[in-house]
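K.L.:
can't give you the sequence, but here's the structure:
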């Protein structure tokens, strides 16, 4: 096990990570308080407001499963606190895993899961995961208004225009870059198995949703597919 984990699991790093997480939690409570105050000023039915808050909290649990699963997967490699921080502030399951894997690989190691990395590599991973995440908030601050106007203008035509095709092509390109290297990794059959099981699971869950009329299967196909893929890896391993 890498010596860097003594730093990754240190109390100092815990308190460093705790500060921004407290800020995010505090911000959330402030927004809830402002929203409740505004709803009362607008004379909205408070029973309905409470019901909306409860339903939102309940329906946020399952979509959060991929985040919890990813955090559990990252902790053995990156320690307890950095995955906790990154997946609590701005980060996403896909982004954090991809950043960590690419950074470790570019340092000459086997990628995410290689616990033989050094402290320098660990610090590099933290820098990449944290600094790259700042790009889009900065882009939003600087250029979101102009981008939004351009998107609305480009999408003002028919649904068969350029924008729907461009967005679809970009999404397929992103999925190809992320998925194909895993699906065609013949040196690691378990990697191919996990990708295949997760992909087939999504298709089957979508079909089940259409046949049964229960949207829950389609809405939660992503976390369920991740769990089934991981289950397949455990069995195969």
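P.N.:
Here it is on my side, so go on. Note that the coordinates shown come from a computational prediction; the quantities given were computed from them, not determined experimentally. Numbering: from 1, shown residues only.
K.L.:
Packing partners of the worst-scoring helix or strand of the chain on mean pLDDT?
P.N.:
The weakest-scoring helix or strand in the chain, judged by mean pLDDT, DSSP states H and E, is helix 215-219 (a mean of 74). Helix 215-219 makes packing contacts with helix 189-212 when contacts are defined by 3 or more CB pairs under 8 Å, 6 or more residues apart in numbering; DSSP states H and E. C-beta here means a position set from N, CA and C on the backbone, and glycine is covered the same way.
K.L.:
buried set for the helix it packs on?
P.N.:
Within helix 189-212, the residues that count as buried by 16 or more other CB atoms under 10 Å are 191, 193-195, 197-198, 201-202, 205, 209.
K.L.:
Output those in JSON lines, with pLDDT and distance to residue 174 appended to each entry.
P.N.:
Formatted as JSON lines, these follow (pLDDT from 0 to 100; distance: CB to CB, whole Å):
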{"residue": "191", "pLDDT": "83", "distance to residue 174": "19"}
{"residue": "193", "pLDDT": "88", "distance to residue 174": "23"}
{"residue": "194", "pLDDT": "86", "distance to residue 174": "19"}
{"residue": "195", "pLDDT": "84", "distance to residue 174": "15"}
{"residue": "197", "pLDDT": "89", "distance to residue 174": "21"}
{"residue": "198", "pLDDT": "86", "distance to residue 174": "16"}
{"residue": "201", "pLDDT": "89", "distance to residue 174": "20"}
{"residue": "202", "pLDDT": "87", "distance to residue 174": "16"}
{"residue": "205", "pLDDT": "87", "distance to residue 174": "21"}
{"residue": "209", "pLDDT": "85", "distance to residue 174": "24"}
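K.L.:
for those, which one is nearest residue 7?
P.N.:
residue 191 (29.1 Å; CB to CB).
K.L.:
Tell me which helix or strand comes right after the helix ranked longest in the chain.
P.N.:
Determined from DSSP state H, the single longest helix within the chain is helix 11-41. Later in the chain than helix 11-41, the nearest helix or strand by DSSP states H and E is helix 46-59.
K.L.:
can you list contacts of that following helix?
P.N.:
With CB atoms under 8 Å, 6 or more residues apart in numbering as the contact definition, helix 46-59 has outside contacts at 32, 36, 39-40.
K.L.:
Filter these down to the buried ones.
P.N.:
Buried among these by 16+ other CB under 10 Å: none.
K.L.:
Dump those residues into CSV; add pLDDT and distance to residue 148 as well.
P.N.:
Supplementary listing: those in CSV, determined by pLDDT from 0 to 100; distance: CB to CB, whole Å:
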residue, pLDDT, distance to residue 148
32, 90, 26
36, 90, 29
39, 90, 27
40, 90, 31
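K.L.:
how about JSON lines for those residues, with distance to residue 105 added?
P.N.:
What follows is the contacts of helix 46-59, written out as JSON lines (distance: CB to CB, whole Å):
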{"residue": "32", "distance to residue 105": "41"}
{"residue": "36", "distance to residue 105": "47"}
{"residue": "39", "distance to residue 105": "49"}
{"residue": "40", "distance to residue 105": "53"}
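K.L.:
Go through those and say which is closest to residue 117.
P.N.:
residue 32 (40.2 Å).
K.L.:
Many thanks, have a good one.
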